[in-house]
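Chemist: Give the three-dimensional model of this entry:
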Amino acid sequence: MCGICGIASAHGPADVDRLAAMSETLVHRGPDSFGEHVDGPVALAARRLSIIDLETGDQPIGNEDGSVHVVQNGEIYNYRELRRELERSGHRFRTHGDTEVLLHLYEEHGDAFASRLRGMFAIAIWDARRRRVVLARDRFGIKPLYYRHVDGELAFASELRALPRGEIDHDAVAAFLAFNAIPAPLTIFRDTRKLEPGHILVWYDDGHVRVERFARPAPVDAADVRTDDDAELVEELRARMRDSVRAHLVSDVPVGVLLSGGVDSALLAALAAEETAEPVRTFSIGFEERSFNELADARRVAERYGTQHRELVLRPDAALLLPALADAFDEPFADSSALPTYLVSQLAAGDVKVALSGEGGDELFGGYYTYVADLLAARVGGLARLARPLVDLLPSSDAKASFDYKAKRFVRAAHLPPLERHHGWKEIFSADARAELTGRMNGFDPVDVLRRRYAETTGADELARLQDVDLGTYLVDDLLVKTDRASMAHSLEARVPYLDTAVTNLALALPTRLKVRGLDKKVLLRKAAEPLLPREIVHGKKRGFSIPAAAWLRGDLEPFARETLSPDTMRRQGFFDSAVVTRILDEHVSGREDLSRQLWGLLAFTLWHERHVERTPTAPRALPVQAAVT
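Modeler: Prediction:
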């Protein structure tokens, strides 16, 4: 795991001082070593977090004659098999890790090298003979890669903070208000883009670039879904999960599990415990608010498998932690579960350098209530619309996933077409609300990002198409960003075994009935987990690292929110109408409506702007746990 960056100039030598400054902003991603390679117009740098091949794995790494160099962020889980294949073809290796394999694989297969990789990665290769730079990002978008191509110069980095700031992209602001995250390829800055998952970018020394897709995980056509006996599929899934976990445990340093108490992370802990001789290290956090405290479930799993378990019960000082999160996230990001993810990563980083996390299980196996709503709305959407006046009268609750919150969301979107209603379950600010808040109607519709993804899967089952939209947008631009930034702020590598082709190739071929059936979610995954986990975990409600944001914003966090979102600040930054912001805050505090996600987004944007636009961004500095809680 590393942070990488580089410059490729069509107008003379690369600026090595600028490269060093870029690398310095990424020190949290790789505190163990630093390296760079400069060759005329091209300069590469890497900050390394030593996980595999501790002695000879420093980057950049060159081939035998020094004509090709590589830097990598991530882990390649099939590197040993690839190495044996390459050695049979005559390639010779000087190191023992996965990064050097990339060089020889590129020499052997050219741009097609990326499609051979099993793992999570963001890669940059300088091919001096062909005078070009090749960037590649893994097929699921687990590892980030940003680039800026202006006037023939390509600059790239693992995080946005390492690249020049520029003009704010108002399309990105609109997308943020719709999703509480910014979808690829957009970034908050107009001239900077995210390399999309499963894509490569090639820069040529005349200054032009080419971007193309090398992989696109997708659901199979409806006619091709698996029809095997359920019991056979249960055994196959369990075997595939075991294979993935085994691969993700490969490390020269200890590996832990971020254990939320839900079935996804609990299954990872169970399989990891069975694959290792030493006790697995597990980490959990809980909150004082009862409906958000799931430590008891996590503890059941830890006790069953004899893990070395650490946990904390917290009432975080959000007024301290929200600014710390704004430092860690280099563009506006407002998934409130980033806060507990940040804290559990901090807890884990005290013991391990690597931790397994359960991202992807919900998108692949049908774990969200929205999928139940998608199927239900197809039958009762019209009736739900008639019930809206009554449902809107329900008082707002502070409880997690409360009935009133889900009911209001359902009746407001159930009558819409499939994609639009699926977005409606999760939409933060509607188009009308965005226009009122910003005073802008620029013609850009953020939902078009979802529509493009949806249009690519014609022929698949309807639920599978909606899951695919989440897999390619919400998972990539929200959950994986959250996990990467929150863990890397503490120099912790997070690995995601569900997002392994060993698992996804089966998940993407499952029929709807083995994902969602009535009110039951993750049907096949739960069956596969039954022999390994307590019944309360397998058949319990959805878990995850979440926070009581609604209650906090009506309580201890309200003064901080009012100060941060003050009319003076809104006018100074110039993005949001101060009167509208104040009204949103007042409506939430009154209890008439749960507007916590909207408020969290406004807080996240405002704090981000203060730290990354009004100031020069630096590497994030983690708060000690004691300072982060009361």
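Chemist: how far away is the most centrally placed residue in the chain from His104?
Modeler: In the chain, the residue lying closest to the centroid (C-alpha atoms, centre = their mean) is Leu480, at 0.9 Å. The gap separating Leu480 from His104 is 28 Å, by C-beta to C-beta, to the nearest Å. C-beta: built from backbone N, CA, C; applies to glycine.
Chemist: Thr187 too?
Modeler: Taking C-beta to C-beta, one finds Thr187 at 33 Å from His104.
Chemist: Against the centre of this structure, work out the most remote residue.
Modeler: Gly90 (38.2 Å).
Chemist: Surely it forms part of a helix?
Modeler: No - counting by DSSP: H, G, I helix; E, B strand; the rest coil, Gly90 is not part of a helix but coil.
Chemist: now the helices for the stretch 401-550 of the chain?
Modeler: 403-413, 418-426, 431-438, 447-455, 462-469, 480-488, 501-507, 523-529, 535-538, 549-553 (DSSP state H, counting those that start in this stretch).
Chemist: now the angle from the fifth one to helix 447-455?
Modeler: Looking back up the chat, that one is helix 462-469. 130 degrees (axes from the mean of the first three to the mean of the last three C-alpha atoms, to 10 degrees).
Chemist: can you offset everything so residue one is 457?
Modeler: Shifting the count to begin at 457 puts that one at helix 918-925.
Chemist: avg pLDDT for helix 918-925?
Modeler: Across helix 918-925, pLDDT averages out at 98.
Chemist: Report the distance from that helix to the chain centre.
Modeler: 18 Å (C-alpha atoms, centre = their mean, to the nearest Å).
Chemist: Tell me where the model's unsure across the stretch 507-656 of the chain.
Modeler: 507-513 (pLDDT under 70).
Chemist: Also the chain?
Modeler: 457, 506-513, 745-749, 771-772, 835-869, 998-1002, 1078-1086.
Chemist: if you set the cut-off to 50 instead, what comes out?
Modeler: Residues of the chain that meet the criterion pLDDT under 50 lie in 847, 849.
Chemist: before we move on, back to that, looking at the helices of the stretch 857-1006 of the chain, which is buried most?
Modeler: helix 936-944 (a mean of 26; mean count of other C-beta atoms under 10 Å).
Chemist: Could the C-alpha coordinates of that one be exported in CSV?
Modeler: In CSV, the C-alpha atoms belonging to helix 936-944 read as follows (Å, rounded to 0.1, in the frame of the first residue of the first chain):
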residue,chain,number,x,y,z
LEU,A,936,-14.6,2.9,-1.1
VAL,A,937,-13.5,6.5,-0.9
LYS,A,938,-14.7,6.5,2.8
THR,A,939,-12.7,3.4,3.6
ASP,A,940,-9.6,4.4,1.7
ARG,A,941,-9.3,7.9,3.2
ALA,A,942,-10.4,7.0,6.7
SER,A,943,-7.9,4.1,6.9
MET,A,944,-5.1,5.8,5.1
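Chemist: how about the nearest residue to Ala640, chain neighbours excluded?
Modeler: With sequence-adjacent residues excluded and distances taken as C-beta to C-beta, 6 or more residues apart in numbering, Ala640 is closest to Lys650, at 4.0 Å.
Chemist: Go ahead and confirm the one you found touches Arg604.
Modeler: No - Lys650 lies out of contact with Arg604 (C-beta atoms under 8 Å); the separation is 10.9 Å.
Chemist: Which of those two has more residues huddled nearby?
Modeler: Lys650 (23 against 19; other C-beta atoms under 10 Å).
Chemist: Return the residues in contact with that one.
Modeler: By C-beta atoms under 8 Å, 6 or more residues apart in numbering, the contact set of Lys650 is 600-603, 640-643.
Chemist: TSV for those residues, including secondary structure and distance to Pro735?
Modeler: TSV is the format used below for the contacts of Lys650 (DSSP: H, G, I helix; E, B strand; the rest coil; distance: C-beta to C-beta, whole Å):
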residue	secondary structure	distance to Pro735
Pro600	coil	32
Leu601	coil	36
Tyr602	strand	39
Tyr603	strand	42
Ala640	coil	39
Pro641	coil	43
Leu642	coil	44
Thr643	coil	42
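Chemist: Highest neighbour count among the residues you listed?
Modeler: Counting by other C-beta under 10 Å, top hit in those: Leu601 with 28 neighbours.
Chemist: What segments of the stretch 457-606 of the chain are strands?
Modeler: Applying DSSP state E, counting those that start in this stretch to the stretch 457-606 of the chain gives strands spanning 458-464, 489-495, 498-504, 517-518, 524-532, 575-583, 588-593, 602-606.
Chemist: Pairing partners for the second one, with directions?
Modeler: If I follow you right, that is strand 489-495. strand 498-504 (antiparallel) (DSSP bridges).
Chemist: Could you tell me the angle between the strand it pairs with and strand 575-583?
Modeler: Going by the same axes, to 10 degrees, strand 498-504 makes 150 degrees with strand 575-583.
Chemist: Send me strand 498-504 as PDB with only the CA atoms.
Modeler: The C-alpha trace of strand 498-504 is given here as PDB (Å, rounded to 0.1, in the frame of the first residue of the first chain):
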ATOM      1  CA  VAL A 498       8.800  12.300 -16.600                       C
ATOM      2  CA  ALA A 499       9.100  12.000 -12.800                       C
ATOM      3  CA  LEU A 500       7.500   9.300 -10.600                       C
ATOM      4  CA  ALA A 501       7.300   9.200  -6.800                       C
ATOM      5  CA  ALA A 502       6.000   6.700  -4.200                       C
ATOM      6  CA  ARG A 503       5.400   6.800  -0.400                       C
ATOM      7  CA  ARG A 504       5.400   3.200   0.900                       C
END
